[in-house]
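Asker: Here is my input, please return the structure:
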Amino acid sequence: MIERFYLKDFLSFKEAQLEFKSGLVVFTGPSGSGKSILMRSILASVGLDNVEAGICESSVRWHINEEQYGIINEFPNIFRQVKKEKTSYFINHQRTSKSAIEAISKGYLRHLSLKHYGDFEPASLMRLVDAHLAHTHPDHKDDLATYQTLYATFIDEKEQLATLLAQEKKLLQLKEFAEFEIAKIDAIHPTIGEDEELQKIKKQLSKKEKIHEAIQAAQAIFRFESSVSTALTLLDNPSAFFDDAMNELRNVFEGELENLELLEEVSIEAILDRIEHIAQLKRRYGGIQEALDYRQQKIVELESYQNIETSKTHLYARIEKHQKQLSTLAKTLSKRRKTILPTLHDRLNGYLSMLYLRNATLTVEPIELSAFGIGRVVLGLEGTQLDKLSSGEFNRLRLALLALKVECMEGQGGVLMLDEIDANLSGEESMSVAKVLRHLSKNYQIFVISHQPQLTSMGDQHFLVYKEDQSRVRELSHEERIEEIARIISGEAIGEEARGFAKNLLKRGSR
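Answerer: I've put the predicted structure just below:
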């Protein structure tokens, strides 16, 4: 529940601070006094609306998943929205995101305002049926959890199979492409560093004749080697350094001449062809190492293609096994649901009768295996399509479903916010809505804006929203409630007859 609410600087409100109780909380007041503004601000404080208030803050008795949101629970937890240059959100003074606050709040608060068909969807209706079964049939909750876990596995396996089958259609093409790529690289058979070696050989071939001529001419130096050694000896200068230099020079020339002899056997055309092949490989893959890595990748892909058939066989077997298990479980669930459907049908129509609406039908239509089994629950309203209902009829039908849901709830069920749900209703219709809300308030804390005396008289708390220089709100005492209900009945000119009617309504509405 929401225990406390604080609002500062929003439209016609300068400041408001309210303490709430559990049960039915009613807001009344003249048109334009700020009731809807106040309701929007409460929603905004818990991340479910966007307003430009300086501060909206609510203290709530809601549990936060500490591991998921990284926020430590306090009792109560304080949700706050602060607007300065931009809007910031906090829980227990710790900054968080609007989406986090919204996700937490949606687990505890429901707002019925505009037409929303989610409560009438087959999945929502099936959850209603299952909630009642879980409350009355001990095994149903566990059986349903088992079914849904198995169904999730079944769907995952079918998706895996679909992926394999899609791959299989392209398998021959993929295999041929991988084999082609591997063969193309193998045909060149590159080695690391080969490109640099080839360039070196190319350079040597291009200078072969010049190198040979230069060495031949330079070898004339050796004719003077003996003369130089003799001169050094006569000068008493050791000739060892000269001898070593000449020997080194001789070795260099001999080595180069041997290389030139080997190059005679090398085809310049073959070297150029090889260089071009390596260059093509580098242009396609980025380098020799990259080409070799790509070749290895294609080899791994080929191995995986060969495993597809084995994987597909195993998946078919698992899918068939799980489908049989699901069909058996689904039949059990469906049979059990059919046993409770007449009771739910009668209970729903009981609420609809209280709300002066036509009878509804709850039927189970057979469908293919789904997340809920082999059936879906469909709601129908005799003589009228749901999208043709007036706003009053629509919200009363939603109220009937809510009342049916809370029958199987234990403890406080959270917060329900209703904006003028009794608008445009007759006195009898308004009283019927009030009685159902009184029933719901055993499990929900309900905030409602009302313009009808019947619903107002049923409130556990009654707040008056009024406007002086600014919008203000305060909780009414018993005597003040009589005056406010009398105003709703007769307008600003309150007579004793209206006061008497208001007293009788409050007396009847007291628990």
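Asker: Pull up the gap between Pro453 and Ala317, please.
Answerer: Pro453 sits 68 Å away from Ala317, taking Cβ to Cβ, to the nearest Å as the criterion. For every residue, glycine as well, the C-beta is placed using N, CA and C.
Asker: So those two - more neighbours on which side?
Answerer: For Pro453 versus Ala317, the count of surrounding residues by other Cβ atoms under 10 Å is larger for Pro453: 27 against 10.
Asker: residue contacts, Val415?
Answerer: For Val415, the residues meeting the contact criterion (Cβ atoms under 8 Å, 6 or more residues apart in numbering) are Met1, Ile2, Tyr108, Leu109, Arg110, Tyr444, Gln445, Ile446, Phe447.
Asker: Does it belong to a helix, a strand or coil?
Answerer: Following DSSP: H, G, I helix; E, B strand; the rest coil, we place Val415 in the strand state.
Asker: ok, the nearest residue to it once chain neighbours are set aside to Glu52 distance?
Answerer: The spatially closest residue to Val415, leaving aside those adjacent along the chain, is Leu109, at 4.3 Å (Cβ to Cβ, 6 or more residues apart in numbering). Distance of Leu109 to Glu52, given as Cβ to Cβ: 21 Å.
Asker: Could you do Thr191 as well?
Answerer: As defined by Cβ to Cβ, Thr191 lies at a distance of 71 Å from Glu52.
Asker: still on that earlier bit, comparing Leu109 and Glu52, which residue is more hemmed in?
Answerer: Just comparing Leu109 and Glu52: by other Cβ under 10 Å the higher neighbour count belongs to Leu109, 25 against 11.
Asker: Using the three-state scheme, assign Pro238.
Answerer: The local conformation at Pro238, judged by three-state DSSP, is coil.
Asker: Tell me the secondary structure of the closest residue to Leu476 other than its chain neighbours, please.
Answerer: Excluding its sequence neighbours, the residue lying closest to Leu476 (Cβ to Cβ, 6+ apart) is His462, at 4.8 Å. Classification of His462 using three-state DSSP returns strand.
Asker: Which positions within stretch 492-509 qualify as buried?
Answerer: By neighbour count with 16 or more other Cβ atoms under 10 Å, stretch 492-509 contains the buried residues Ile494, Ala498, Arg499, Phe501, Ala502, Lys503, Leu505, Leu506, Gly509.
Asker: same deal with stretch 65-77?
Answerer: Residues Tyr69, Ile71, Pro76, Asn77 are the ones in stretch 65-77 that count as buried (16+ other Cβ under 10 Å).
Asker: okay but the last one is in contact with Ser59, surely?
Answerer: The one in question is Asn77. Yes: taking contacts as Cβ atoms under 8 Å, Asn77 lies within contact range of Ser59: 7.3 Å.
Asker: Mind checking which of the buried residues of stretch 65-77 are in strands?
Answerer: Applying DSSP state E to these, the entries found in strands are Asn77.
Asker: okay, and for the stretch 51-200 of the chain, where does confidence drop off?
Answerer: 113-116 (pLDDT under 70).
Asker: Which stretches in it count as helices?
Answerer: Remark: helices of the stretch 51-200 of the chain, listed N- to C-terminal, are 66-69, 98-106, 122-136, 140-169, 171-188, 194-206; assignment by DSSP state H, counting those that start in this stretch.
Asker: Out of those helices, which is closest to Glu225?
Answerer: Between Glu225 and those, the shortest gap by Cβ to Cβ is with helix 194-206, which sits at 27.9 Å.
Asker: Return the list of helices and strands in contact with that closest one.
Answerer: In this structure, helix 194-206 makes packing contacts with helix 240-263, helix 268-285, judged by 3 or more Cβ pairs under 8 Å, 6 or more residues apart in numbering; DSSP states H and E.
Asker: ok, Ala178 touching Leu302?
Answerer: Yes: at 5.0 Å, Ala178 counts as touching Leu302 under the criterion of Cβ under 8 Å.
Asker: Look at those two and report which has more neighbours.
Answerer: Ala178 (20 against 14).
Asker: My guess is Glu428 contacts Tyr356. True?
Answerer: Yes: shown here, Glu428 and Tyr356 form a contact pair, counting by Cβ under 8 Å, at 6.5 Å.
Asker: Which one's more surrounded, these two?
Answerer: Here Glu428 and Tyr356 are compared on neighbour count by other Cβ under 10 Å; more neighbours surround Tyr356, at 17 against 10.
Asker: Look up the closest residue to that one, ignoring the ones flanking it.
Answerer: Setting aside the residues directly before and after it, Tyr356 is nearest to Glu429 in space (Cβ to Cβ, 6+ apart), at 5.1 Å.
Asker: and the one you found, what element?
Answerer: Mapping Glu429 onto the secondary structure by DSSP states H and E places it in helix 427-440.
Asker: what's that helix packed up against?
Answerer: If you count contacts as 3+ Cβ pairs under 8 Å, 6+ apart, helix 427-440 packs onto helix 288-354, helix 391-406, strand 444-449, helix 453-457.
Asker: Need the single longest strand in the protein, by residues.
Answerer: Longest strand of the chain, by residue count under DSSP E: strand 360-370.
Asker: who touches the next helix or strand after that one?
Answerer: Sequence order places strand 373-381 as the next helix or strand after strand 360-370, per DSSP H and E. Residues from elsewhere that reach strand 373-381 (Cβ under 8 Å, 6+ apart): 120, 122-123, 125-126, 128-129, 147, 327, 329-331, 333-334, 337, 341, 357-368, 370, 386, 389, 397.
Asker: Narrow those residues to just the buried residues.
Answerer: By neighbour count, with 16+ other Cβ under 10 Å, the contacts of strand 373-381 hold 120, 122, 125-126, 128-129, 147, 329-330, 333, 337, 341, 357, 360, 362, 364, 370, 389, 397 as buried.
Asker: For whichever strand or helix holds Val26, name the packing helices and strands.
Answerer: Element membership for Val26 (DSSP H and E) is strand 24-28. Counting contacts by 3+ Cβ pairs under 8 Å, 6+ apart, strand 24-28 packs against helix 35-45, strand 444-449, helix 453-457, strand 461-467.
Asker: hey, which of those is tucked in deepest?
Answerer: Burial of the helices and strands packed on strand 24-28 is given as mean neighbour count (mean count of other Cβ atoms under 10 Å); helix 453-457 ranks first at a mean of 27.
Asker: what angle do the helix or strand of the chain with the lowest mean pLDDT and helix 268-285 make?
Answerer: Least confident helix or strand, the chain: helix 194-206 with a mean of 78, by mean pLDDT, DSSP states H and E. Calculated by axes from the mean of the first three to the mean of the last three Cα atoms, to 10 degrees, helix 194-206 forms an angle of 150 degrees with helix 268-285.
Asker: Restricting the selection to alpha carbons, write helix 194-206 to PDB.
Answerer: Provided in PDB are the C-alpha atoms of helix 194-206 (Å, rounded to 0.1, in the frame of the first residue of the first chain):
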ATOM      1  CA  GLU A 194      57.400 -16.000 -48.400                       C
ATOM      2  CA  ASP A 195      56.400 -12.700 -49.900                       C
ATOM      3  CA  GLU A 196      59.400 -10.900 -48.500                       C
ATOM      4  CA  GLU A 197      61.800 -13.700 -49.800                       C
ATOM      5  CA  LEU A 198      60.200 -13.500 -53.300                       C
ATOM      6  CA  GLN A 199      60.700  -9.800 -53.400                       C
ATOM      7  CA  LYS A 200      64.400 -10.300 -52.500                       C
ATOM      8  CA  ILE A 201      64.900 -12.900 -55.300                       C
ATOM      9  CA  LYS A 202      63.100 -10.600 -57.800                       C
ATOM     10  CA  LYS A 203      65.500  -7.800 -56.800                       C
ATOM     11  CA  GLN A 204      68.500 -10.000 -57.200                       C
ATOM     12  CA  LEU A 205      67.400 -11.300 -60.700                       C
ATOM     13  CA  SER A 206      66.800  -7.700 -61.900                       C
END
